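A.B. asks: next input, structure requested:
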Amino acid sequence: MDLLLWRHAEAVDGTPDHARELTPRGIKQAQRIADWLKRNRPQRLKVMVSPTVRTRQTAEAFTDDFEIVSALGPERTVADILAATGWPDASGACLIVGHQPTLGRIAALLLSGTEADWTVKKGGLWWFTNRVRNGETQTVLRTVIANDLLDK
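C.D. replies: Presented below is the predicted three-dimensional model:
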């Protein structure tokens, strides 16, 4: 299984939290990652997004074919999100558009075996693969993309 974690792009400050929209900068951030994904996406990619406006707007830069999943909301846990994706046993690939600090905690868990407060930058993408080698399950980090390093 492939698991892609995409943190929503920059959003305006304010309340209610779930209604915050992307800033003009955030729209550009989302489009840069979306352009990269269009060229490099894994096959059989399922896209799941948090129910917030900013995550839906981020995903819309890439596709209109996504599922809004309440288990991906900003108040949800690592266990909630991993269960919603089927990691590590599901087939195919799943792109999650979600929030900090949970995405950073998932990245830490997958790479170190322990949840920790790692940071996924706004608009950033982390791509993991799960495989079995010699009877041992392995998590492989395929790429990390910081939005500000892509062509503008």
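
A.B. asks: leaving out sequence neighbours, find the closest residue to residue 66.
C.D. replies: Distances taken as CB to CB, 6 or more residues apart in numbering put residue 47 closest to residue 66, at 3.9 Å, once the chain neighbours are dropped. Glycine gets a C-beta too; all of them are placed from N, C-alpha and C.

A.B. asks: now do the SS call for that neighbour.
C.D. replies: Under DSSP: H, G, I helix; E, B strand; the rest coil, the three-state class of residue 47 is strand.

A.B. asks: how close does the residue lying closest to residue 116 once chain neighbours are set aside sit to residue 126?
C.D. replies: Leaving out its chain neighbours, the residue that sits closest to residue 116 by CB to CB, 6+ apart is residue 108, at 3.9 Å. Distance, residue 108 to residue 126, using CB to CB, to the nearest Å: 11 Å.

A.B. asks: for those two, indicate the residue with more neighbours.
C.D. replies: Regarding residue 108 and residue 126, a neighbour count based on other CB atoms under 10 Å identifies residue 126 as having more, with 23 against 18.

A.B. asks: next, the more buried one: secondary structure please.
C.D. replies: strand.

A.B. asks: now do the same contact list for it.
C.D. replies: For residue 126, the contacting residues are 4-5, 103, 107, 120, 141, 143-145, by CB atoms under 8 Å, 6 or more residues apart in numbering.

A.B. asks: residues in contact with residue 63?
C.D. replies: Neighbours of residue 63 in contact, by CB under 8 Å, 6+ apart: residue 47.

A.B. asks: ok, the residue lying closest to residue 99 once chain neighbours are set aside - how many residues close by?
C.D. replies: Of all residues not flanking residue 99 in the chain, residue 74 sits nearest, at 4.3 Å (CB to CB, 6+ apart). For residue 74, the neighbour count with other CB under 10 Å is 17.
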